[in-house]
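K.L.:
sharing a model prediction with you, sequence too.
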Amino acid sequence: MKRGFLNTQKAKQRVAEAARSESTGPPQKKSKDKQRHGSGANTERVALDLSTIDPHKLPKSIQAQYGNKGRAIFRVWPRDPKGKTIVPSPLRGKEAGNGLDLWGATLFDFYHVCRMPDVIHYVTTSTGSRLAKWMRQAGELTAEDELAWADKEEDPKEIPVADMGELIRCRDVRVVLGVYDRFSSRKEVRERTEGKSTVSPSQDSPKSATAEPEAEKDSDSIPPDHDLKDDAGREHGEETVPLANDHAETAATALEEPMQVDEAGEKSPEKGTDQLTRESAASPSIDSPFHPTHYPSPWPFIPCTYDDPPPMLEQRIPLHLLPQKIHVHDPWNRLSIDEGDMDIDTPWLNKVTEGRDIVRTYSLSLSDEGKCTALAAQKKAELEEDEAAAEEKVMRIFPAAKEGPTDEQLIEIVLPPRPRKRTQVEEAHLYFAPPAMGKGNHSFVYFAEWELPRDLFVQAQLCRVCVEEDAGRQLQELKAQGIWEEFMKGLREKLDDAPGSGLDVSSGSEPSHAEPNRTVGHVTIEEHHLPHETVAFVNANNLSSEGPRNTSTSDGKAADDNVEAVVTLEASPPASTASPGMEIGGTEADVEMNVVEEQDLKLADNGGSKEASVERYAPGEGKEEGEGTLEQDNGYEDEADEEQCAEEQIEKEIFTVQPPRVVRIAAYSGPTVRIHTTVKWQESSGTKCAHGGIGSSNPVPRTATVGVVAKLSIEHDAHLEREAKNYQQFPSHFFEHWNGYNVIPPLHDPVPVGALCPQFYGYYVPDDPTDGTSRPDYLSPILLLEHCGSEIVPEELNEDDKQECASLLFRFHHAGWLHESFAQRNLLWQQGRPTEWPIQRPYSQHKSFRLIDFGRSKMMETSYSRMNEEEEALRLFHLHHHHMTA
């Protein structure tokens, strides 16, 4: 024994085990067969529960077996030696929107399983939900823990991206704090901020990069760079904007001023002859969200000049909500492709105030299939809005938080109808920012700011605090007039006429209706003590190991609803009686259930670790609870101690599914009082109350600006139009983010189920192809897409990232599509996932990948083409048999 070993944690644990063995006898040694099978297993003892592990990571006990790989199938479904052979079956487990049959919510929901119990090398991959169905149908119920775990698996669901409405509100707060005042188009705001006669708006935007990417000779497009800032312009001194400029004070309206292009191609600051452009862009209707009167100070801001860009639009917009027309502000004339202004150093404000802005009107162009989809979606949305307007919405306030009789009633507040949501967007504005983010042989990609109606993202809200305050105010008015006391007296008399109603559950003789403390309702709180739920996992290193199973499950059930007679009165109880359990949107006036509290209980401390425990099994013995530890041995042992440690390896890890807890459910029986609130819904840009936090009551415009990518096409090229049609034909799951993982052949490991391609925000064509001249000038169509990052570098990706990139193509094939242009340049990445908040993404452990450029894509005709593309993907990422050539 090495010096200092007795002072280690392992030595103390051995002493405790020796003391226990005096009464129970020495621990039984493992058989030689067991020792042979487990000789290569990891000897680290790990204490695990669901509060200390991440189910989306490999357990520490087996991580070393997979090196740097973070996703793998490590669990084994134990089979009954006399069980049936697993044969192909129509049974399917849980599936995400893409229809792939191997889906699991976590890495712990995938299994290796022996198809024939007595043939250990005939192993296949499956999922817990699918195996649970087959095993129950076959009557093989020996894997109790695995079945229990499969029953508790989360269902597949689409994960929404970061709420764009919330991101817009957060930016509004920064506007209120004056963060962007120096970028305001209002002269007085800039002067107040800078405190001097000149201002230097930055030209930073996602377009900026330290170097523009080179054009690839055989590429369709080069993806946008992910660097969103470039301080080079400020370091070398940008051109300042003189505030004394006569046009600066009218910059807000100058942003809407179009330019005329004459027959000679010369541009004039006068208004153009295109009547549609002038009326829609320069002089919007007073009802339009873009009318200048709808911009409170310090709005509007100078486009494409922020230190940080506006929120990137990642939310999917249905086809029927895409703007029918967009007014494109293009001071550098990028839409003409070859005749654009090469002056990229002049700030946006100078371009506008000098009358060099060019505004063109484009219209949405959908394919025939896209038009049918948009029309059907619009009709469905209008029908849903009609049904929502006809449905009565109520908010319920619970009378008391303690069990027993109460002299107060359940308050049911009838809410006003919610304002109708948009079912169509008539117009929007698009602002181009030079230089190009990328270019190829067929297209150019620019960052653009897209100004849309605010209520497309920010929904109307009804303040709960205002509703409660209004209810309290109405009650005080009724009490002051004596109406409330008369109502309560009449109510008690009515209850006395119905002695069998069961409303009074107090002990003793029935009180008189004249008694002032006569109760009118009763609150019942039912406690459900849910036990400690655990589940044991079979060691993935031992296919044949089997032992006792133990799983505890909860059987708590909710109390029955019991609410009786409804009494209508234009009144409400005191606001102080409102409990936190308020529900909105219920339709039944005589139903109320309120989850008052859910409390976790601490596990009993038996002298071991408080955070987790490990249960061990020995052949021929029952389970014995051991003391878990997260410490590793420091190596102060002799050779005999190491051999003994190998014999006592953990065969099963016991995970805590749910700690013991108490759930309290409250139910109310008695009369209900209904009142009608006078509080109105708060529109996205209308007057708001002060309960929303900083800046919530400040006025905001009726529009909101987001960041998108604009893809332009060279003349006489049909790739962009074909790509737009493909986007409209793609299935919905191409654009959706789902929870969980898929195993997608030919890959063998789980990969996340994120969106496959960028979001599609419309394909727009110019209203006037001649550009206001008598000769046909080329104007590029515009394809608006989600900004998805920059081009991948395969050598910088780890094994998990490479598999996820390859899985995008395999999912594309599974849906019946061929890409026909698969290459490194057509895969983009960015740090973090769209489902995470932008502020968290720089520190996220995840990456997001997308497949782009579908100008050549088509429906699959033969499997030969699919095989070639899959082989190309495996070769690019050095996967499978190409791994040895890396």
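P.N.:
Structure received. Residues are numbered from 1 along each chain as shown.

K.L.:
pLDDT weak spots in the stretch 101-250 of the chain?
P.N.:
195-250 (pLDDT under 70).

K.L.:
ok, the chain next?
P.N.:
Scanning the chain for pLDDT under 70 picks out the ranges 1-52, 195-283, 339-344, 354-355, 492, 494-519, 532-658, 695, 771-776, 883-886.

K.L.:
now the helix ranked longest in it: buried residues?
P.N.:
Secondary structure of the chain per DSSP state H: the longest helix is helix 368-390. Buried residues in helix 368-390, defined by neighbour count with 16 or more other C-beta atoms under 10 Å: 370, 373, 374, 378, 381, 385. Every C-beta, even on glycine, is put in place using the N, C-alpha and C of the backbone.

K.L.:
any residues touching that helix, and which ones?
P.N.:
Identification of contacts with helix 368-390 by C-beta atoms under 8 Å, 6 or more residues apart in numbering yields 318-320, 322, 366, 417-418, 420-421, 423-424, 725, 728-729.

K.L.:
can you add distance to residue 853 and give the buried residues of helix 368-390 back as a markdown table?
P.N.:
Shown next, in a markdown table, are the buried residues of helix 368-390 (distance: C-beta to C-beta, whole Å):
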| residue | distance to residue 853 |
| --- | --- |
| 370 | 20 |
| 373 | 23 |
| 374 | 24 |
| 378 | 30 |
| 381 | 31 |
| 385 | 37 |
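
K.L.:
looking at these, which one is closest to residue 828?
P.N.:
residue 370 (24.1 Å; C-beta to C-beta).

K.L.:
quick one: the helices in the stretch 101-250 of the chain?
P.N.:
128-138, 144-151, 164-176, 187-194, 232-235 (DSSP state H, counting those that start in this stretch).

K.L.:
could you dump those to a markdown table with distance to residue 669 and mean neighbour count?
P.N.:
Below are these laid out as a markdown table (distance: least, C-beta to C-beta, whole Å; neighbours: other C-beta atoms under 10 Å):
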| stretch | distance to residue 669 | mean neighbour count |
| --- | --- | --- |
| helix 128-138 | 40 | 19 |
| helix 144-151 | 34 | 20 |
| helix 164-176 | 39 | 18 |
| helix 187-194 | 60 | 17 |
| helix 232-235 | 69 | 13 |
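
K.L.:
to residue 86, which of the ones you listed lies closest?
P.N.:
Closest among those, using C-beta to C-beta: helix 128-138, at 6.5 Å.

K.L.:
and that closest one, what does it pack against?
P.N.:
strand 103-104, strand 110-114, helix 144-151 (3 or more C-beta pairs under 8 Å, 6 or more residues apart in numbering; DSSP states H and E).

K.L.:
just the C-alphas of stretch 459-469, formatted as PDB.
P.N.:
Coordinates of the C-alpha atoms in stretch 459-469 are reproduced here as PDB (Å, rounded to 0.1, in the frame of the first residue of the first chain):
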ATOM      1  CA  GLN A 459     -48.800  40.700 -31.100                       C
ATOM      2  CA  ALA A 460     -51.300  42.700 -29.200                       C
ATOM      3  CA  GLN A 461     -51.200  42.100 -25.400                       C
ATOM      4  CA  LEU A 462     -53.700  42.300 -22.500                       C
ATOM      5  CA  CYS A 463     -52.100  43.300 -19.200                       C
ATOM      6  CA  ARG A 464     -53.000  40.900 -16.400                       C
ATOM      7  CA  VAL A 465     -52.100  43.500 -13.800                       C
ATOM      8  CA  CYS A 466     -54.400  46.100 -15.400                       C
ATOM      9  CA  VAL A 467     -57.200  43.600 -15.500                       C
ATOM     10  CA  GLU A 468     -56.800  42.800 -11.700                       C
ATOM     11  CA  GLU A 469     -56.600  46.500 -10.900                       C
END
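
K.L.:
which outside residues touch that stretch?
P.N.:
Residues contacting stretch 459-469 (C-beta under 8 Å, 6+ apart): 165, 395, 397, 413, 415-416, 418-419, 421, 575, 578, 582, 584, 677, 679, 681-684, 689, 691-692.

K.L.:
give me the buried subset of these.
P.N.:
Buried among the contacts of stretch 459-469 by 16+ other C-beta under 10 Å: 165, 395, 397, 413, 415, 418-419, 575, 578, 582, 677, 679, 682-684.

K.L.:
alright, I will stop here.
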